[in-house]
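> Got a predicted model here, sequence first, then my questions.
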Amino acid sequence: QVQLVESGGGLVQAGGSLRLSCAASGRTSSGLNMGWFRQAPGKEREFVAAIGRITGSTYYGDSVRGRFTISRDNAKNTVFLEMKSLKPEDTADYYCAAAGSLVGLQRGAAEYWGQGTQVTVSS
């Protein structure tokens, strides 16, 4: 079993920045591809970013590409999401996810999910 715990959410003004963290624990957590999703009230869950476990290749959703950066510290089993130039439409609950398949992860087929952390961007 793998546990994912997010942190770093909060309230920020438009144009500001936030850094989310996701700490993974469990016997196999270091061998998983990691990613972030978000869900705003009344909207479907949206893919934000993913990072491969072996090459560290990164992938982004169209709405965040160029503003968000995903990274990971394999020694600490932690993945980060650096969010810059935040917009009110970035307001959502952000979820950390992990999966053995990187393609599956990007499609939302994660094997493990965190509880989420709320991000609110005020205009």
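Good, I have the coordinates. This is a predicted model, so every value here is computed, not measured. Numbering: from 1, shown residues only.
> Give me the distance from the helix or strand harbouring A24 to the chain's centre.
Applying DSSP states H and E as the criterion places A24 in strand 18-25. In terms of Cα atoms, centre = their mean, to the nearest Å, the centre of strand 18-25 is found 8 Å from the chain centre.
> Give me the sheet partners of that strand and which way each runs.
If you go by DSSP bridges, strand 18-25 pairs up with strand 3-7 (antiparallel), strand 78-83 (antiparallel).
> Contacts for the shortest one next, please.
Here strand 3-7 makes contact (Cβ atoms under 8 Å, 6 or more residues apart in numbering) with 20-26, 94-98, 112-117. Any C-beta I mention is one placed from the backbone N, CA and C, and that applies to glycine too.
> now do stretch 53-70
By Cβ under 8 Å, 6+ apart, stretch 53-70 touches 30-36, 46-52, 71-72, 79-86, 89-90, 102, 106.
> In helices only, show me these.
L102, Q106 (DSSP state H).
> after the helix or strand of the chain with the lowest mean pLDDT, next one along is what?
Ranked by mean pLDDT, DSSP states H and E, the weakest helix or strand in the chain is helix 102-106, scoring a mean of 92. Counting by DSSP H and E, the next helix or strand C-terminal to helix 102-106 is strand 112-113.
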